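Peer 1: Show me how the following folds:
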Amino acid sequence: SIAEARQFLANNIFHVVLLGKKLPGDSEEIINSISYVKEIKSLQPLTELLIYTVDEDRQYLVQAMQSGASGYMIKEDGEDWEEFRGEQLRHAFLRAEAIIERETLSPIALSEKSEFVARSSSMKRIDLQLEALAEVPKPVLFLGANGVGKTEAAKRLHHLRNACSTSPKRPFLKINVANLTNDLAISELFGNEANAFIGAEGKTKGGYLQLARNGDLFFDKIGEASLDLQAKLLKVIEEKTYQRLGGTIDLTTDAKLMFATSRDLKELVRRGKFREDFFMRISTFTIEIPSINDRKADIPGLIQVFLDRFNEDHGGKPVKFEDLPREFIEHLKRDDIPGNMRGLENDINRVLVWAPEDQDGKRHLTNWRGILGLNRRYIPKVHSPEGSFSLEQLLNCPSDVVKPGFPGLSEIKKILELKILSEAEKKYPKLTERAKVLGMPLSNLSRKYPRTNPADGDRS
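Peer 2: Down below sits the predicted model:
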C-alpha cells in the first residue's frame, strides 16, 4: 500500500526506485503517479528515481523529470527489452552508489581507517571495554585531553561493531561540532526539505542521521554544542526519530551515537552551558583516554602509525622503523611529549623532513637531537648573494632560492655550519654544553673551532 511504501522510504536507504505511471491513491483510486515524485525525492534525496511506463506520454515524462525524476524507461516486448532494462537499472544503481559515497565522504565525514594502538595496560583495558560496547546500542562518551586519540578510539569501536555484525559494512561519519555554526550543524545532521531556508530552493538534502543508518555517527567536541542542538540530539536518543528542517514527517534512525570532548562537562552543566538531561543520556558509558605520557608502551606502535602516514604522504624511499636511531625512540619513550599524539607526530616529521639524504635517497637520522633542539629554540638565517632565507626555506628548496646566483650546495653547507656554530657559541659558552645541544661528539666539535684560545670553554 501507499502507507507501507512511505514507511519503507522514510526508514531505509534505496539506491533505485521504480515508479509506475498509474498508482492507487490513499483512498485506493487510481491516480497519476506524478504527485508522488516530489514526495519520494523528499524521503530519498539520494536515490535514482526512474519512471516505468508502457506508453510514451511525453507530457507526463517531461513533468516527471521536472518534478525530480532521474530518468524513465518505456516498456517494450522482446528479449532486447529485458537486457536493456537490466543495463538501465545497473547504471542507475552505480550512479546512486557514487552519489551516496560522495555525500558520505564529504569534508565532515571521516575515513574508516583505524590507527588505534593498545600495547599499554591502560589501553588494553580500554580495548576490552570497547569490545563489550560493540553490540550495545546506547551512546558512548570519550573523554581526554586534546590529541590523546579519542577519534581513534571511536573508529576502533566502529571496526569492532562491523566485525560482530552480519549486515553489510556499517558507515562511520564524523561531525566536528566546533567547526560549525548551530544552524549549519543542525542542517548537516538532520537534512532539510526543499525551500526550508534561503539557499535550499528546490533541493531536498538528506542529513547525516539518514546517511548513518545502521552505522555510527561520531560527534567530536560535543562540549561546544549549543543548548538547541543538545535538545534536538536528546530527542533523537530518546525517541530514535527526527525531522528534516522544514519537514513534517518523522524519520527514524538506528545509528549508534558517539561523542567526544576534552572539556569538563560536569562543570559546564553546573554553569548552565550544558543540559544535565543530555549529559546523563550520553555519559552512561564513558571511556577516558589517558595522555600518551601515561602510556609509554604505546609509543613504538604510534611511531609506526606516523611512519606509515609519512611514507604515504611524502613518497620517495620509505622510512622503516628499524631506520630510526634507538636513542631517538628511547628519548620519545622516556621524556614527556607536549601535545600528546600530535606532538609526537610533529617531532617524528621534523626529524624525517630535516634529516639529510644521501644519493640513494636514504635519510641519515643521527642528528635528531640537533634537529629537535634547533626547532625548539630558533631557526637561523643563512645569507646568500641574492638576499637571505630561513633554514626552513632552504630545506624545502623553494623555487625562489635555487636559481641563477645560488652560491652552490657546498658553500651553503659551510655558511649554515658556521652560522649554527656561531649561534651555539653565543648561547653555550661551555664546549661540553654545545656538543650536547648540537648532538656531536666533543672531539669532533672541538675541531670545528679555531684554537686561538686554548682555554676556550670548559672541556671538563
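Peer 1: okay, stretch 121-141 in CSV with CA atoms only?
Peer 2: This file holds the C-alpha atoms of stretch 121-141, laid out as CSV (Å, rounded to 0.1, in the frame of the first residue of the first chain):
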residue,chain,number,x,y,z
SER,A,121,47.9,-1.9,30.1
SER,A,122,45.6,1.1,30.3
MET,A,123,44.8,1.0,26.5
LYS,A,124,44.4,-2.8,26.6
ARG,A,125,41.7,-2.3,29.3
ILE,A,126,40.0,0.4,27.1
ASP,A,127,40.1,-2.0,24.2
LEU,A,128,38.3,-4.6,26.3
GLN,A,129,35.7,-2.0,27.2
LEU,A,130,35.2,-1.2,23.6
GLU,A,131,34.7,-4.8,22.7
ALA,A,132,32.0,-5.0,25.4
LEU,A,133,30.3,-2.0,23.9
ALA,A,134,30.4,-3.2,20.3
GLU,A,135,26.8,-4.7,20.4
VAL,A,136,25.4,-2.1,22.8
PRO,A,137,23.2,0.4,21.0
LYS,A,138,23.5,3.1,23.7
PRO,A,139,25.6,6.2,23.2
VAL,A,140,29.3,6.3,24.2
LEU,A,141,31.2,9.3,25.5
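Peer 1: Any buried residues in that stretch, and which?
Peer 2: Residues 123, 126-127, 130, 133-134, 139-141 are the ones in stretch 121-141 that count as buried (16 or more other C-beta atoms under 10 Å). All C-beta atoms are positioned from the backbone trio N, CA, C, and that covers glycine.
Peer 1: and what of stretch 232-240?
Peer 2: Those would be 232-234, 236, for stretch 232-240 by 16+ other C-beta under 10 Å.
Peer 1: again with stretch 301-316
Peer 2: 301-303, 305-307, 310.
Peer 1: so where's the stretch 51-200 of the chain uncertain?
Peer 2: Within the stretch 51-200 of the chain, the stretches with pLDDT under 70 are 76-81, 84, 95-114, 167-168, 194-200.
Peer 1: which one of the buried residues of stretch 301-316 sits closest to residue 443?
Peer 2: Using C-beta to C-beta, residue 303 comes nearest to residue 443 of those, at 31.3 Å.
Peer 1: residues contacting the closest one?
Peer 2: For residue 303, the contact set (C-beta atoms under 8 Å, 6 or more residues apart in numbering) comprises 321, 324, 329, 332, 344, 348.
Peer 1: count of neighbours near residue 272?
Peer 2: Neighbour count for residue 272, taken as other C-beta atoms under 10 Å: 9.
Peer 1: Quickly find the element holding it.
Peer 2: Taking DSSP states H and E as the definition, residue 272 sits outside all helices and strands.
Peer 1: Please apply the same query to residue 287.
Peer 2: Going by DSSP H and E, residue 287 is in strand 286-288.
Peer 1: mean confidence for the next helix or strand after that strand?
Peer 2: Note on strand 286-288: by DSSP H and E, the next helix or strand toward the C-terminus is helix 299-314. Across helix 299-314, the average pLDDT comes to 91.
Peer 1: what's downstream of helix 299-314, the next helix or strand?
Peer 2: helix 326-334.
Peer 1: circling back: which member of the buried residues of stretch 232-240 is positioned nearest residue 161?
Peer 2: residue 236 (18.4 Å).
Peer 1: hang on, that closest one packs against residue 257?
Peer 2: Yes: between residue 236 and residue 257 there is a contact at 7.4 Å, judged by C-beta atoms under 8 Å.
Peer 1: roughly how far out does whichever helix or strand residue 49 is part of sit from the chain middle?
Peer 2: Secondary structure from DSSP H and E places residue 49 in strand 48-53. Chain-centre distance of strand 48-53: 36 Å, with C-alpha atoms, centre = their mean, to the nearest Å.
Peer 1: Point out the other helices and strands that it packs with.
Peer 2: For strand 48-53, the packing partners by 3 or more C-beta pairs under 8 Å, 6 or more residues apart in numbering; DSSP states H and E come out as strand 16-20, helix 34-43, helix 58-67, strand 71-74, helix 79-104.
Peer 1: contact partners of that strand?
Peer 2: 15-21, 33, 37, 40-41, 60-61, 64, 68-75, 88-89, 92-93, 95-96.
Peer 1: mind redoing it with 7 Å?
Peer 2: 15-21, 37, 40-41, 61, 64, 68-75, 92, 95-96 (C-beta atoms under 7 Å, 6 or more residues apart in numbering).
Peer 1: do the same with stretch 145-152
Peer 2: Under C-beta under 7 Å, 6+ apart, the answer for stretch 145-152 is 114-116, 142, 144, 220, 260, 262, 289-292, 339-343.
Peer 1: Is there a quick PyMOL command that grabs whichever of these are buried?
Peer 2: Buried members of these, defined by 16+ other C-beta under 10 Å, are picked up in PyMOL with:
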select buried, resi 114+115+116+142+144+220+260+262+289+290+292+340+341+343
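Peer 1: Which members of the contacts of stretch 145-152 occur in strands, if any?
Peer 2: If you go by DSSP state E, the contacts of stretch 145-152 have 142, 220, 260 in strands.
Peer 1: Tell me if I'm right that the second one and residue 261 touch.
Peer 2: Think residue 220. No: applying C-beta atoms under 7 Å, one finds residue 220 not in contact with residue 261, separated by 8.0 Å.
Peer 1: quick one: contacts for residue 255?
Peer 2: Residue 255 touches 209, 212-213, 215-217, counting by C-beta under 7 Å, 6+ apart.
Peer 1: Tell me the one of the residues you listed nearest residue 445?
Peer 2: Using C-beta to C-beta, the contacts of residue 255 come closest to residue 445 at residue 216, 55.2 Å.
Peer 1: The closest one: neighbour count?
Peer 2: 24.
Peer 1: so what's it bridging to?
Peer 2: Per DSSP bridges, the residues bridged to residue 216 are residue 172, residue 256.
Peer 1: so what pLDDT did it get?
Peer 2: 93.
Peer 1: and stretch 429-449, C-alpha only, in PDB?
Peer 2: Extracted in PDB, the C-alpha atoms of stretch 429-449 (Å, rounded to 0.1, in the frame of the first residue of the first chain):
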ATOM      1  CA  PRO A 429      80.000  29.100  26.300                       C
ATOM      2  CA  LYS A 430      81.000  25.700  27.500                       C
ATOM      3  CA  LEU A 431      82.100  23.400  24.800                       C
ATOM      4  CA  THR A 432      80.500  20.400  26.500                       C
ATOM      5  CA  GLU A 433      77.100  22.100  26.600                       C
ATOM      6  CA  ARG A 434      77.500  22.900  22.900                       C
ATOM      7  CA  ALA A 435      78.300  19.400  22.000                       C
ATOM      8  CA  LYS A 436      75.300  18.100  23.800                       C
ATOM      9  CA  VAL A 437      72.900  20.600  22.100                       C
ATOM     10  CA  LEU A 438      74.400  20.000  18.600                       C
ATOM     11  CA  GLY A 439      74.400  16.300  19.000                       C
ATOM     12  CA  MET A 440      78.100  15.900  18.200                       C
ATOM     13  CA  PRO A 441      81.000  14.200  19.900                       C
ATOM     14  CA  LEU A 442      83.100  16.600  21.900                       C
ATOM     15  CA  SER A 443      86.200  15.700  19.900                       C
ATOM     16  CA  ASN A 444      84.600  16.400  16.600                       C
ATOM     17  CA  LEU A 445      83.100  19.700  17.800                       C
ATOM     18  CA  SER A 446      86.400  21.000  19.200                       C
ATOM     19  CA  ARG A 447      88.000  20.700  15.800                       C
ATOM     20  CA  LYS A 448      85.300  23.000  14.300                       C
ATOM     21  CA  TYR A 449      86.600  26.000  16.300                       C
END
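Peer 1: Fine by me, we can end here.
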